[in-house]
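Trainee: Just a sequence and a predicted model for now, questions to come.
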Amino acid sequence: GENVEQHPSTLSVQEGDSAVIKCTYSDSASNYFPWYKQELGKRPQLIIDIRSNVGEKKDQRIAVTLNKTAKHFSLHITETQPEDSAVYFCAACCSAGKSTFGDGTTLTVKP
Amino acid sequence: SAVISQKPSRDICQRGTSLTIQCQVDSQVTMMFWYRQQPGQSLTLIATANQGSEATYESGFVIDKFPISRPNLTFSTLTVSNMSPEDSSIYLCSVEEGQGTEAFFGQGTRLTVV
């Protein structure tokens, strides 16, 4: 089955700096790569996603890049703000018809 | 987008008892899943709830401990049976409207076993 590895597990940045979270996946058949943000005490929610026919996607301060050959994808957050502090999960879909999640990255943005 | 209502939101239970968690979706969805999560930690998939048939359990999870029902395409229940303090966790239901689509999560059930 699919295996997703996510790094780093924790990340601390100063407000205004950029943050990068990286994930690798094992199943070359995976074709959908979403990123979820989970604020403290809340449910995970989608913030951006990318499909395998695209190399990069951007939405305001967040962007995702995908390298199918190397089987890795990354989340980039620019001009970080304290409200970006949360746990971020990557996922790869759809081996066995379901998403496989990474272990999460706790991002802390220090004011 | 799917709207999910999960209840109870939290409960404190005595060891040896069972708790049933409900997940109601506002639309018919193909796939429903049950996860366990320690606060701030990773999402651990317990099982896939299959409509009209037995759930598919992940390694380390068994039907006797976590029986799941899915009578239709909008509703599922997860029971945590014969609870022990090690079962204290947050339980989340999730749905995907199709392969390669966004996952929507319920608000979670925070379970404490004393």
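Mentor: Thanks, I have the structure now.
Trainee: Now for the spatially most central residue of chain B: which residues touch it?
Mentor: Most central residue of chain B, judged by C-alpha distance to the mean C-alpha position with CA atoms, centre = their mean, is residue B:34 at 3.3 Å. Residues counted as contacts of residue B:34 (CB atoms under 8 Å, 6 or more residues apart in numbering or on different chains) are B:23, B:45-47, B:49, B:66, B:68, B:76, B:78, B:91-94. Any C-beta I mention is one placed from the backbone N, CA and C, and that applies to glycine too.
Trainee: how about the residues of chain B near chain A?
Mentor: B:31, B:33, B:40-43, B:45, B:48, B:92, B:96, B:99-103, B:105-108 (CB under 8 Å from any CB of the partner chain).
Trainee: and with 10 Å instead?
Mentor: Applying CB under 10 Å from any CB of the partner chain, one finds that chain B approaches chain A through B:1, B:4, B:6, B:30-31, B:33, B:35, B:37, B:39-45, B:48, B:56, B:58, B:90, B:92-94, B:96, B:98-108, B:110.
Trainee: Partner strands of the helix or strand containing the residue nearest to the centre of chain B, with direction?
Mentor: Assigned by DSSP states H and E, residue B:34 belongs to strand B:31-37. Sheet partners assigned to strand B:31-37 using DSSP bridges are listed as strand B:44-49 (antiparallel), strand B:89-96 (antiparallel).
Trainee: I'd like those written out as a markdown table, with distance to residue A:24, mean neighbour count and mean pLDDT added.
Mentor: Below are the strands paired with strand B:31-37 laid out as a markdown table (distance: least, CB to CB, whole Å; neighbours: other CB atoms under 10 Å in any protein chain shown; pLDDT from 0 to 100):
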| stretch | distance to residue A:24 | mean neighbour count | mean pLDDT |
| --- | --- | --- | --- |
| strand B:44-49 | 19 | 20 | 96 |
| strand B:89-96 | 22 | 24 | 96 |
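Trainee: can I get these in TSV with distance to residue A:98?
Mentor: Formatted as TSV, the strands paired with strand B:31-37 follow (distance: least, CB to CB, whole Å):
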stretch	distance to residue A:98
strand B:44-49	6
strand B:89-96	7
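Trainee: And those strands: which comes nearest residue A:17?
Mentor: Across these, the minimum distance to residue A:17, taken as CB to CB, is reached by strand B:89-96, at 30.5 Å.
Trainee: how far out from the middle of the chain is the closest one?
Mentor: Centroid separation between strand B:89-96 and its chain, computed with CA atoms, centre = their mean, to the nearest Å, is 5 Å.
Trainee: What helices and strands are in contact with the helix or strand just after that strand?
Mentor: In the C-terminal direction, the helix or strand that comes right after strand B:89-96 (DSSP H and E) is strand B:103-105. Applying 3 or more CB pairs under 10 Å, 6 or more residues apart in numbering or on different chains; DSSP states H and E, we find strand B:103-105 packed against strand A:32-38, strand A:45-51, strand B:4-7, strand B:31-37, strand B:89-96.
Trainee: list the helices and strands the second one packs on?
Mentor: Meaning strand A:45-51. On a contact count with 3+ CB pairs under 10 Å, 6+ apart, strand A:45-51 meets strand A:32-38, strand A:56-59, strand A:62-67, strand A:72-77, strand A:86-92, strand B:103-105.
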